[in-house]
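J.: need a 3D model of the following:
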Amino acid sequence: MIRLLKFFGWSFVAVFCGLLLVLSGAFLYLSPGLPSVEALRSIQLQIPLRVYTSDGKLIAEFGEMRRSPIRFADIPPNFINALLSAEDDNFANHYGVDPSSLMRAATQLVKSGHIQSGGSTITMQVAKNFFLSSERSFSRKTNEILLALQIERQLTKDEILELYVNKIYLGNRAYGIEAASQVYYGKSIRDISLAQMAMIAGLPKAPSRFNPLANPVRAKERRDWILGRMYKLGKIDESAYQTALAEPINASYHVPTPEVNAPYIAEMARAEMVGRYGSEAYTEGFRVTTTVPSNLQEMANHAVQEGLINYDQRHGYRGPESRLPGKTQDAWNLELSKQRPISGLEPAIVTQVDKNALHVLTRNGIETVAWDTMKWARPYLNTNSLGAAPKQPADVAQVGDLIRVQRQTDNSLKFSQIPSAQSALVSLDPQNGAIRALVGGFAFEQSNYNRAMQAKRQPGSSFKPFIYSAALDNGYTAASLVNDAPIVFVDEYLDKVWRPKNDTNTFLGPIRLREALYKSRNLVSIRLLQSLGVDKTIDYIARFGFNKQDLPRNLSLALGTATLTPMEIATGWSTFANGGYKITPYLIDKIESRNGETLFVANPPSVPTGTAASSGIAAPSHTTFTINSSSEVPAPAAQAPAVAERIVDGRTTYILNSMLEDVIKLGTGRRALALGRSDLAGKTGTTNESKDAWFSGYNADYVTTVWTGFDQPESLGRREFGGTVALPIWMDYMGAALKDKPAHTQAEPEGILSLRVDPVSGRAAVPGTPNAYFELFKSEDTPPSVNELGTGGSAPGSPLPADESAPIDLF
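T.: Residues are numbered from 1 along each chain as shown. A predicted model of the protein is given here:
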């Protein structure tokens, strides 16, 4: 018997020594190829890109992995106990490898013939997750064991656990326990219940099998087992155990909900970050703060949405999106689940038609649409024609119609439809180019095509101020008389005749530039451009940041036939609003690292303050339009403020600003008087057949451009113009943006005179001159002593010396 015991004893020693030799040999052989454990101290986990408004509200998150790293000190003790009870209850005592767990795994392998579990400790899982693949092999397991032993020698238990809970995948794109808590419960791991912690602690073993959303029964079994382990190990008392067991499975899918609806802004920020950092933009945890305040963006969203819906309803109801007659409610619910809200317009299926209302199925159940909200729905015949007005709900809809409804603040429903036209709005700070609001279309869900940045359309008369600016900088005054009379242009090469006309087909004869601008007289703009010269004028207009290739080299330029984006127009108009300086739009104000380190702070060229703002004019710039080029990465250290370049005489913009204020007071922008402000200036724009409708306007705080039209150009309607389609959107936004703000206008620069002028002759008025008015002049451009319309006149503003009815070459 003693001999037998000795034999087994020596056999055990021999096996143990053999294993020790094998492990030592494996260590000596494999360790040179193992990664450095020290790298774990500086490991960078993938964290998504997050984009925020200027006031810190989340706009969007970009990245494949949802992760919010958490420090060990912030992890609730109950979660640590739940995790260790489930994964590694001997974690505090072992040195990276638990022999009993390995023996159990080996026994299962011998009995079953295949690997059932790996016997891995949390430390071994850290080694695998950070350094190794998921391959099931003995060599990989050996490497895992050796790395675990090294990790335990170099890191504390708390450091190991912190790495583990932030790295592990827990289903639904959630990596780490904080992200999982947000995804399944919509709150931090610090704020969830014991039962919910146990649920998350059960996920590392099999994130799909024990997923509370996909497999709630299995998830509950796993949770209850973990709670039982915690109770058995003395981590919780019986009361806590029973309370947690009784808690139902209450997980639901949560995603980071944007606090502000600004998808076009988010996409622009994402593209710029990828331009700066490549694919690392999605994984390095950058925090991007934009220049966009949340309140202004929401105002812009509302203005565009309401403006397009109002336009659309003026042109009638195009019918339901589809008809589902004879279907059961289950079929209707299935169809409804396939539909998605479009810019706040919810899908609904008509289930019953009454005399005074529709009963509709929405995702909230059966709801009512009142008849009063449907009275607009005359049948659409074509852009300019409508059918008879409906007299009852049955004239508009029938059971089975898939329609759209708009939920009101009181939760009632308003009958609606998705607009067929599109719109874009850009609002800039004219003092430095900061983008304050931007909407690229009715709904990003329909198309991510950003019309504010990408849609090149003809601006029509909203382009005329650039022609007038060139005139005022070249000897014309606001009182100069130009003949508003018929003119004919002939292209001798194409055998074509162009007879430009005014919108009203009327001619006013000699007219002051001020009046011609607020009455938007086309022929005056053409004569100005002809007098100045097309090439010279294009060179001048290019100062505002326009690409010369977008400006036609013929007299049609005076009518706004250039092809420009709303952003380009708003950028150019900023010079009128800021006193003559060129600004460059920018969106990203600050970039921070995952650790809160400031990597970038914008330092845009800004309009100088004080006396510098009214100093002389610098050489013109011909820089083309960009937004915060990714090649420009200023150092995060404080920099001296960059000063914007002056491109137009401040006196010119001051006089032009006064003329554009008259467009609001007396001209095509008169609707804006309803805002009750004295500091607004702007101009409408409408192209041929009303295919594009524009309004650009400003005060010294914001310059805002609105475009409306169809993606495939077609008429908006005979009675639709910039003043009826674009201006209401502009007013809605600017009225809200400037609410409670004091009037803010340009300061009068030096060298401006205000003199009484004869409105008929354009010369200085004498005492007793009827209807004389005060006009603004540059000090060197005071009114002439002779009538500008004298014979043989060659001064700016005189009529063409040739017969007005004679044909003139256009090109």
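
J.: any idea which helix or strand comes after the helix or strand encompassing G685?
T.: Assigned by DSSP states H and E, G685 belongs to strand 681-686. Heading C-terminal from strand 681-686, the first helix or strand you meet, by DSSP H and E, is strand 692-698.

J.: can you list the strands that that following strand pairs with?
T.: Paired with strand 692-698 in the same sheet, following DSSP bridges, are strand 681-686 (antiparallel), strand 703-709 (antiparallel).

J.: can you tell me which of those strands is nearest to Y169?
T.: strand 703-709 (45.7 Å; Cβ to Cβ). C-beta coordinates here come from the backbone N, C-alpha and C atoms, glycine included.

J.: roughly how far out does the helix or strand that comes right after the closest one sit from the chain middle?
T.: Along the chain past strand 703-709, the next helix or strand (assigned with DSSP H and E) turns out to be helix 727-737. With Cα atoms, centre = their mean, to the nearest Å as the basis, helix 727-737 stands 19 Å off its chain's centre.

J.: what about L656, which SS state?
T.: The three-state label given to L656 by DSSP: H, G, I helix; E, B strand; the rest coil is helix.

J.: hmm, F576 and it touching each other?
T.: Yes: using Cβ atoms under 8 Å, L656 is in contact with F576, at 5.9 Å.

J.: buried deepest among the strands paired with strand 692-698, which one?
T.: With neighbours taken as mean count of other Cβ atoms under 10 Å, the strands paired with strand 692-698 reach their highest mean count in strand 703-709, at a mean of 31.

J.: for that one, give the mean pLDDT please.
T.: For strand 703-709, the mean pLDDT works out to 99.

J.: relative orientation of it and helix 727-737 in degrees?
T.: 150 degrees (axes from the mean of the first three to the mean of the last three Cα atoms, to 10 degrees).

J.: with just CA atoms, put strand 703-709 into PDB.
T.: Taking Å, rounded to 0.1, in the frame of the first residue of the first chain, the C-alpha atoms of strand 703-709 are listed here in PDB:
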ATOM      1  CA  VAL A 703     -27.700  87.100 -43.400                       C
ATOM      2  CA  THR A 704     -30.200  84.500 -44.600                       C
ATOM      3  CA  THR A 705     -30.900  83.100 -48.100                       C
ATOM      4  CA  VAL A 706     -33.900  81.000 -49.000                       C
ATOM      5  CA  TRP A 707     -34.300  79.100 -52.300                       C
ATOM      6  CA  THR A 708     -37.500  77.200 -53.300                       C
ATOM      7  CA  GLY A 709     -38.100  75.100 -56.400                       C
END
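
J.: just checking, what's the longest strand in the chain?
T.: strand 345-353 (DSSP state E).

J.: quick one: buried residues of it?
T.: Buried residues in strand 345-353, counted by 16 or more other Cβ atoms under 10 Å: 345-351, 353.

J.: show me which pair in these is furthest apart.
T.: Farthest pair in the buried residues of strand 345-353, by Cβ to Cβ: L345 and V353, 20.4 Å.

J.: does P204 belong to a helix, a strand or coil?
T.: Here P204 is recorded as coil under three-state DSSP.

J.: what count of nearby residues applies to the residue nearest to it when sequence neighbours are not counted?
T.: Counting by Cβ to Cβ, 6 or more residues apart in numbering, I168 is the residue found nearest to P204 once chain neighbours are left out, at 5.0 Å. Counted with other Cβ atoms under 10 Å, residues neighbouring I168 total 21.
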